[in-house]
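Asker: Show me the folded form of this:
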Amino acid sequence: MMDSMDFHLIMAFIYLPVILIGLLGNSLSYYAYRRPKRKSKHVAFLLYSLSLSDAFLLIFALPLFSIMYLPIWSDVEKQYVVAYTAKYIYPLCMMAKTCSLYIMVTITVERWIAVCRPLEAQIWCQYTTSQKTRTIIVICAVLLNFPKFFEFEIEEINGVFQFRRELLDPEKHWWYFMIYFIGISIIFDYMLPFAIMSIANTQIIGELRRKKRERQLMTTQQQKEQNTTVMLLVITIFFGFCHFFSMGLKIAESFAGGFLTIQNIYWEMLGEVFNFLIILHTASTFFVYYIFSEKFRTVIQGIWKFGYKYRQKRIRKQPISACREAMYYLGFMAKTMFFKSSFYILDMSMQLLSMIWNFEAILSFIFLMYWQKNGQLAGLKEKLAGCQNYKGVQEKTSKFQNNAGIFLALYVAVLIFNCTYYLKFYFEETHSIWALKISTMFYFRRLRFLTSIITTYMYFVWLTAIYVFVTFTNVVCLEVKQLNRDIQKINGDSEKVKSELLEKLELFQKLSKVIHDLDDIFKNLTSITDFLICTPFIAFCVCSFCSVTVAPARLHDEIRATKSAVFGNHAIWFPYDGEVHGLAHVFASHVDQNSLGITIWGFAVVSRPLILATRSATGMMLSLLSEFSPSRDE
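Answerer: Predicted coordinates:
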């Protein structure tokens with residue numbers, strides 16, 4: 001059965017990405033509603049105030065629900081962090097939660113006035129009124145939650161800091177627990193705001209239904225106000241849903257006369273899930289803004305475009321840094337493997353395989369940087385567009401979607417595997433010598449997660465290089481296939497056949513140039529990858545062999561089929577026309593280029609006969625070696 005610490009550890013890893021995404025989203029929301037054009041509007045003022053209070057709530061929730069449970073502390077350090085977090089961070093988190101709660105109430109009331117009392121909106125829905133309301137909310141939130149600073153006391157026992165309940169102890173201070181922690185909390189944190197929002201939202205929904213029938217008579221400004229109301233209505237309903245269960249738990253504790261969460265692990269898990277719903281709501285308001293607000297989407301897209309331009313300026317520095325970290329990772333693993341002893345054979349074989357894969361990823365990383373820096377992939381893409389404007393690709397879009405889905409599944413599989421392996425290290429009670437050595441790669445064992453991040457990143461790079469290679473090769477293959485179909489459709493009189501045949505000849509020359517360029521780009525990568533890296537390992541050989549040969553072999557077949565398409569078209573040869581026949585023979589001679597295709601090692605064009613001959617020779621060699629193997633003594 002899972003104990004309390006294991007459950008909190010799992011929840012800590014769940015909280016961490018949610019809180020970080022929420023901080024990013026609330027920061028973007030704050031920026032969007034704080035811009036000079038919008039910050040003078042009372043609705044925008046309330047929304048960026050809500051984003052600010054939500055951001056503070058997430059900042060305080062990060063150590064309270066996630067960081068202090070992560071396996072990065074020693075036992076003494078963890079006791080210290082837990083004690084001071086419960087003493088000082090918890091009250092601040094509750095203050096931010098109260099601010100967010102009553103700003104939501106203010107937004108609901110403001111929308112109720114704007115929708116149900118439009119004539120009074122000019123009096124109450126003003127920027128100065130919103131400012132005063134926010135100030136009152138902050139002051140009341142501080143006063144209401146200030147006693148929480150005295151709910152816990154920190155004491156030092158044998159050099160270890162621990163916390164104990166003081167005012168929050170139901171046995172010592174029953175009046176505080178029932179009156180303040182239960183009574184006041186239920187009234188001001190749940191019942192009062194829920195009652196206000198429920199009544200207001202019910203009337204708002206009824207008014208919106210009535211106005212929906214009159215929408216054609218509404219002005220553009222009124223429709224924008226209605227869209228804003230719908231967005232805020234979604235936020236408040238989602239808010240009520242996520243906070244409702246915590247209110248139910250508080251009411252249950254009032255009847256029990258004590259903390260249910262410390263009496264049973266199932267209640268504790270349930271309480272943690274209810275807290276997670278509150279954090280989830282706080283972190284997800286950004287997505288509601290983005291879905292329902294067109295202006296908000298425009299601002300965020302502008303930020304993304306600006307960030308893209310800024311990233312383009314730094315793109316030359318970031319890959320070098322990532323490659324340097326990957327090489328350090330590979331060097332540390334090599335040093336640990338070859339200069340340390342007492343490793344199990346299984347550990348060494350697995351890590352040797354991992355080292356080879358990382359070395360291959362570094363090579364792929366270097367080639368990707370080189371291709372991007374020189375613009376080779378972009379130039380190849382432009383040349384492909386200049387041939388047939390991707391006519392062949394447009395008819396086979398499902399093929400590329402399937403390929404993208406396969407590689408996306410591989411990305412997810414790599415991520416899941418590395419996360420599982422990372423969690424396995426912390427949940428295991430005993431570790432192998434290799435695991436202990438690798439955990440000190442960055443000196444502190446608590447930084448073990450950096451190793452998993454680097455490994456995952458390098459595997460992603462390797463998959464990206466393979467995906468780029470397969471995609472470009474398939475594109476060229478489909479374009480040649482489309483050319484062959486067009487050649488087979490040539491028909492008409494001699495002049496029309498001559499014109500179309502000249503056009504296809506020119507198109508084939510363009511595709512030939514693209515194939516040569518594609519071969520020049522990838523032949524160094526494929527030769528190093530296949531010859532130096534993949535050959536010693538059967539698993540890598542199978543994966544790389546298929547990736548590097550299947551698509552080029554298909555391309556070779558289509559090139560060879562071009563000549564058959566010319567000779568198989570009846571309209572080209574009958575009736576007899578000397579010029580058409582001569583042009584067809586010239587076309588056929590252009591097709592007979594032995595070096596046209598994707599090559600391996602720069603001198604052999606990949607084709608089905610070459611693949612079969614290679615497999616046959618390899619099989620014969622393996623059979624010969626097996627004959628020379630010594631027999632086992634009986």
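
Asker: and the residue sitting nearest the centre point of the chain, how far is that from residue 278?
Answerer: Most central in the chain under C-alpha atoms, centre = their mean is residue 412, positioned 9.6 Å from the mean C-alpha point. Going from residue 412 to residue 278 by C-beta to C-beta, to the nearest Å gives 29 Å. Quick note: C-beta positions are derived from backbone N, CA and C, even for glycine.

Asker: What of residue 377?
Answerer: Remark: distance between residue 377 and residue 278 (C-beta to C-beta) = 46 Å.

Asker: Counting neighbours, go ahead and name the busier of those two.
Answerer: Just comparing residue 377 and residue 278: by other C-beta atoms under 10 Å the higher neighbour count belongs to residue 278, 19 against 15.

Asker: who touches that one in this structure?
Answerer: By C-beta atoms under 8 Å, 6 or more residues apart in numbering, the residues touching residue 278 are 97, 242-243, 246.

Asker: Quick check: which element contains the closest residue to residue 138 other than its chain neighbours?
Answerer: Counting by C-beta to C-beta, 6 or more residues apart in numbering, residue 99 is the residue found nearest to residue 138 once chain neighbours are left out, at 6.0 Å. Under the criterion of DSSP states H and E, residue 99 resides in helix 90-116.

Asker: Which elements pack onto the following helix or strand past that helix?
Answerer: Going down the chain from helix 90-116, the next helix or strand is helix 121-124, by DSSP H and E. In terms of contacts (3 or more C-beta pairs under 8 Å, 6 or more residues apart in numbering; DSSP states H and E), helix 121-124 is packed against helix 90-116.

Asker: circling back to that earlier point, which positions within the helix holding residue 99 qualify as buried?
Answerer: Across helix 90-116, burial judged by 16 or more other C-beta atoms under 10 Å covers 90-115.

Asker: Rounded mean pLDDT for that helix, please.
Answerer: The average pLDDT for helix 90-116 rounds to 87.

Asker: Also stretch 178-188?
Answerer: Stretch 178-188 comes out at a mean pLDDT of 80.

Asker: mind checking how far that stretch is from the chain centre?
Answerer: For stretch 178-188, the separation from the chain centroid amounts to 41 Å (computed by C-alpha atoms, centre = their mean, to the nearest Å).

Asker: Pull up the distance across it, start to finish.
Answerer: Start and end residues of stretch 178-188 are separated by 14 Å (C-alpha to C-alpha, to the nearest Å).

Asker: could you point out which element follows the helix of greatest length in the chain?
Answerer: For the chain, the helix with the greatest residue count under DSSP state H is helix 448-488. Using DSSP H and E, the helix or strand that follows helix 448-488 towards the C-terminus is helix 494-527.

Asker: how far is the helix holding residue 99 from where the chain is centred?
Answerer: Distance, stretch centre to chain centre, for helix 90-116: 32 Å (C-alpha atoms, centre = their mean).

Asker: what does stretch 587-596 give?
Answerer: With C-alpha atoms, centre = their mean, you get 46 Å for stretch 587-596.

Asker: which residues of the stretch 51-200 of the chain fall in helices?
Answerer: For the stretch 51-200 of the chain, the helices defined by DSSP state H, counting those that start in this stretch cover 75-84, 90-116, 121-124, 127-145, 174-175, 192-212.

Asker: got JSON lines for those helices, with distance to residue 440 too?
Answerer: Output for those, formatted as JSON lines (distance: least, C-beta to C-beta, whole Å):
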{"stretch": "helix 75-84", "distance to residue 440": "18"}
{"stretch": "helix 90-116", "distance to residue 440": "34"}
{"stretch": "helix 121-124", "distance to residue 440": "63"}
{"stretch": "helix 127-145", "distance to residue 440": "43"}
{"stretch": "helix 174-175", "distance to residue 440": "51"}
{"stretch": "helix 192-212", "distance to residue 440": "51"}
